[in-house]
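S.K.: for reference, the sequence and a predicted model appear below.
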Amino acid sequence: MKNKRPVIVGIFILLGLAILVVTIFTLGGQKKTFVKTFTIHAIFNDVGGLIKGSNIWFSGVKVGTVKSISFVNNSQVEVTMSIEKELQSHIRKNAMAKIGSDGLIGNKIVIIYGGDTTVPQVEKDDFLTMEKGPGTDDMMATLQANNKNLLAITSDFKSISKKIDSGAGLLSTLVNDPALSQKLDSTMEDLKATVANFKTVSANSKNVLSNLQNLTGKLNTPGNSVNDLAADTVLYKNIRTTLQQLQNAAATVSQFTVNLKTTSEKLNQKDNAVGMLLNDPAAGNSVKLTLQNMQTASKKLDEDLEALQHNFLLKGFFRKKAKAEAKAEKMIPAKDTTAN
């Protein structure tokens, strides 16, 4: 037993040393103690409770820790940051730094963000541009203002609900009047029907537009009369000339109509012979009587001429005339036959 005791003690010591080494390497790995680093700086007006050893994040990844915090210019605070060397190529000189927190009320951290790839990478002991982020006091002030606004809104809702319960106002009437509620339901049904009609009209409009598109496509296809009319300049000139001639003819017809109207107006007046005959009954009767007298005189003249033919003094004259006419009629066919 005396010989085994030193061995057991040595084993326990070795186990303790092994646990110590593992713990050191674990904590060192978490704190980036054994990783090559370089330092950069940023000056803040207020670090908001940031402490030495706080984490530094870049694009959501932990890249280092706060190495030291010191005052400059009496009121500003310079924060020295220890950044992993292998991440130096990702941080640019125009990157910015601000104070943030892990969660809403978590530990304070430094957040590095931004940077243009056209700008060179950051060098050792460079200073990053600072952006003032909202601090805890600012957030508390904002929450307090929001609470006041929420209290005011709650008070307004309370007043409105009280008025509704008391039956005052249009909203109360809408809530408590069943007839008005039925009217609103009827109005909603009408609106639904109107929307359905609009949908139907929209569908019909789509069909009309589709048909119009098909029609324009056919009109643009060579081989139809409308396309030929639009493309053939000679035919267009002929049609234009024809239209001009039609226009001139229409102007002539219009002038003829004006003249005809003037003539008809004159015919309706009694200051001319034709108008008097058309519009004066007495003149018409006189002309009619004159025609009747002329017809009677012509009849009497025929009778007198027939009587003269039977008169013994002129009977020989009319007989010679009749023989001469008969002889002339017989000679005319004979001349025609000889000519043939």
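M.R.: Sure thing, it's come through. Keep in mind that this is a model prediction, so the values were computed, not measured. Numbers count the residues shown, from 1 in each chain.

S.K.: is there a neighbour count for N94? I'd like the number.
M.R.: 14 (other Cβ atoms under 10 Å). Any C-beta I mention is one placed from the backbone N, CA and C, and that applies to glycine too.

S.K.: one more: the one 4 residues further on?
M.R.: For K98, the count of nearby residues is 19 (other Cβ under 10 Å).

S.K.: next structured bit after whichever strand or helix holds it?
M.R.: Per DSSP states H and E: K98 is located in strand 96-101. Per DSSP H and E, strand 96-101 leads on to strand 108-113 as the next helix or strand towards the C-terminus.

S.K.: ok and that next one relative to strand 96-101, angle-wise?
M.R.: Strand 108-113 runs at 150 degrees relative to strand 96-101, counting by axes from the mean of the first three to the mean of the last three Cα atoms, to 10 degrees.

S.K.: run through the stretch 1-150 of the chain and note the low-pLDDT ranges.
M.R.: Along the stretch 1-150 of the chain, segments meeting pLDDT under 70 span 1-3, 25, 27-34, 103-105, 132-138.

S.K.: recalculate using a threshold of 90.
M.R.: 1-37, 45-50, 53-55, 59-64, 72-76, 84-90, 99-108, 114-118, 129-150 (pLDDT under 90).

S.K.: where do the strands sit along it?
M.R.: Secondary structure of the stretch 1-150 of the chain (DSSP state E, counting those that start in this stretch): strands at 37-44, 55-58, 61-72, 76-84, 96-101, 108-113, 127-130.

S.K.: columns distance to S205 on top of these, output as TSV?
M.R.: Converted to TSV, the strands of the stretch 1-150 of the chain look like this (distance: least, Cβ to Cβ, whole Å):
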stretch	distance to S205
strand 37-44	63
strand 55-58	57
strand 61-72	56
strand 76-84	65
strand 96-101	55
strand 108-113	52
strand 127-130	58
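
S.K.: circling back to that earlier point, and the strand holding K98, what does it pack against?
M.R.: strand 108-113, strand 127-130 (3 or more Cβ pairs under 8 Å, 6 or more residues apart in numbering; DSSP states H and E).

S.K.: what's the angle from that strand to strand 76-84?
M.R.: Using the same axes, to 10 degrees: strand 96-101 against strand 76-84 is 90 degrees.

S.K.: just confirm K52 contacts S70, I think it does.
M.R.: No. In this structure, K52 is not within contact of S70 by Cβ atoms under 8 Å, at 10.3 Å.

S.K.: so what strands line up beside the strand holding K98?
M.R.: strand 108-113 (antiparallel), strand 127-130 (parallel) (DSSP bridges).

S.K.: for V122, grab the count of nearby residues.
M.R.: 23.

S.K.: got the contact list for it?
M.R.: I40, Q88, I91, R92, K93, A95, L128 (Cβ atoms under 8 Å, 6 or more residues apart in numbering).

S.K.: residues in contact with the residue nearest to the fourth one when sequence neighbours are not counted?
M.R.: Right, R92. Of all residues not flanking R92 in the chain, G115 sits nearest, at 3.3 Å (Cβ to Cβ, 6 or more residues apart in numbering). Contact analysis of G115 by Cβ under 8 Å, 6+ apart lists I91, R92, K93, N94, A95, M96.
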